[in-house]
Structure formats: structure tokens, C-alpha cells
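Peer 1: sequence-free structure coming up:
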């Protein structure tokens, strides 16, 4: 059981129904962003993955569905969402250890472990930059309580040597992300996500490596939708993006 009343929850399918996620019917609800994040991670069977701020577990469980045999762990500040993540892991027959904790005060059991991959979908807005919302989880989810530099530092501490961080964020937060990586993680790559051809990127996925020494790479934008504008009802995802969202394919990361 979670901290949310049963009549305030809904169960939604992701990856064409391969992942079933219980989440609040109102307030913060997972969308496509965590799915894209999970699809960007080049994890292999037997590797360990940690998600910081795992919410109800969408990104972690989508990654686990695409790559079976991972050792999954998540950290979530809000107890109701941590409970949901545990429930969702069990409902999807995935083993995922979920810790209820603040990034600044991780439990000792977690601080003793290292991971091949750390993933994160931090709040998109700086503190005070987004209008307050109802006290239903959305305010914490959308409004930053912990600076991005602290998220990146926490990820770096938990990464094994040569391990990867993947983080999805708003494009206008990229300067903060790059500043957070400076002196902490290297081999930084940025993949912009643009809604359509000719449109500015709204989101970016950052990839960085512990101990990496490669030059910074800014990739060409990955276009999510077909056409220059929305012209019909229904979804218009490009085939490679539809394969990610519906079939559980890996994100086409540039070589």
C-alpha cells in the first residue's frame, strides 16, 4: 500500500503495456521524459543502476524492462512515491531496492555501493521560478529543492570508475548541468531533444562519465515528431521515437 488513497491512483501502461505504473490520478504524473531517459542508458545485463529521485519508478522500471538482469536501486525523498515505486516494481515482477532518503543524506547501506549507471530526471524549474501548485507532489516534482550541482555530485560519488550518468533536463538548465560536471565528471555529451524540425530543443539528455577524458560533444538535435507542425489528431512521433516509447527500443544515440 502507498501513502495515496486507492481511489486517487490510476494504473497506466508504458512501452506498449510492458510496464504498468500506478501513479496519482492528479498531481505529478510521469510522461515520456523518463522513458526517453531510460532508453538512452547503454546498460548491459548484470550491471547495477541507481536512479536519483525515482518517483513512482517509471524510468527505472522501463530500463529494467528493456534490459533484464540489471541490479536496480532508487532513491526517493517523498514517502508516498517511494511506496509506489516499490509497489510498481513488484507489480512488474522486477527486483528494485527503493530507499526513502534525501540526496544529501543517503543511507549508509547505499553509500557503501557503487553503480555502473546513475540516472536522474530532476525537477525542471529553479526554486521560485515556477508558480506554486497544490500540495499533491507536483510542487516538489516541478520546483527544485536541491541544486543540480548537488544531484551531479551525488551521482558522481555513487558511480564506479568509468560509470555513466544520464540526466534529462530542460534545455535552459544546460549551463547549470555543465557547471555541475566541471571537475567532477568528464567525457560530457549533450543530446538536444527538439519537438519538430526547425524548432528549438526544449529538453536535453546529458551523458557524462566518471574519469572520462574525451572532449565535450554537442550532438545534433534528435527530432521527436514528424512534420514542421502539428496538423492532425493523434500522435505524430517519428518511427525511431515511436519504437522507443511503444516497443522499448534503445534511444538512437549518435555515434
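Peer 2: Sure, I can see it. Because the structure is predicted, anything quoted here is derived from the model rather than measured.
Peer 1: so who does residue 157 touch?
Peer 2: The contact partners of residue 157, by Cβ atoms under 8 Å, 6 or more residues apart in numbering, come to residue 111. In this view, the C-beta of every residue, glycine as well, is placed from N, C-alpha and C.
Peer 1: any idea how far it is from residue 163?
Peer 2: Residue 157 sits 11 Å away from residue 163, going by Cβ to Cβ, to the nearest Å.
Peer 1: need the residues touching each of those two.
Peer 2: Overlap of the contact sets of residue 157 and residue 163 (by Cβ under 8 Å, 6+ apart) is empty.
Peer 1: any idea which helix or strand carries residue 205?
Peer 2: Using DSSP states H and E, residue 205 sits within strand 203-209.
Peer 1: just checking, what packs against that strand?
Peer 2: If you count contacts as 3 or more Cβ pairs under 8 Å, 6 or more residues apart in numbering; DSSP states H and E, strand 203-209 packs onto helix 33-39, strand 159-170, helix 174-181, strand 186-194.
Peer 1: just these: most buried one?
Peer 2: helix 33-39 (a mean of 25; mean count of other Cβ atoms under 10 Å).
Peer 1: got the contact list for that one?
Peer 2: Helix 33-39 is contacted by residues 14-15, 55, 58-60, 62-63, 66, 119, 121, 166-168, 193, 203, 205, 244-245, 248-251 when judged by Cβ under 8 Å, 6+ apart.
Peer 1: go through those and flag which are in helices.
Peer 2: Using DSSP state H, the members of those that fall in helices are 58-60, 62-63, 66, 244-245.
Peer 1: wait, which of these is closest to residue 74?
Peer 2: For the ones in helices among the contacts of helix 33-39, the residue nearest residue 74 by Cβ to Cβ is residue 60; the value is 5.2 Å.
Peer 1: ok, now which ones touch residue 201?
Peer 2: Neighbour list for residue 201: 171, 192-194, 221 [criterion: Cβ under 8 Å, 6+ apart].
Peer 1: pLDDT-wise, which helix or strand of the chain ranks last?
Peer 2: Using mean pLDDT, DSSP states H and E, the weakest-scoring helix or strand in the chain turns out to be helix 138-142, at a mean of 42.
Peer 1: can you give me how far stretch 197-211 is from the chain middle?
Peer 2: How far stretch 197-211 lies from its chain's middle: 13 Å, per Cα atoms, centre = their mean, to the nearest Å.
Peer 1: typo on my end, it should be stretch 208-218
Peer 2: 20 Å.
Peer 1: give the buried residues for it.
Peer 2: For stretch 208-218, a neighbour-count test (16 or more other Cβ atoms under 10 Å) marks 208-210, 212 as buried.
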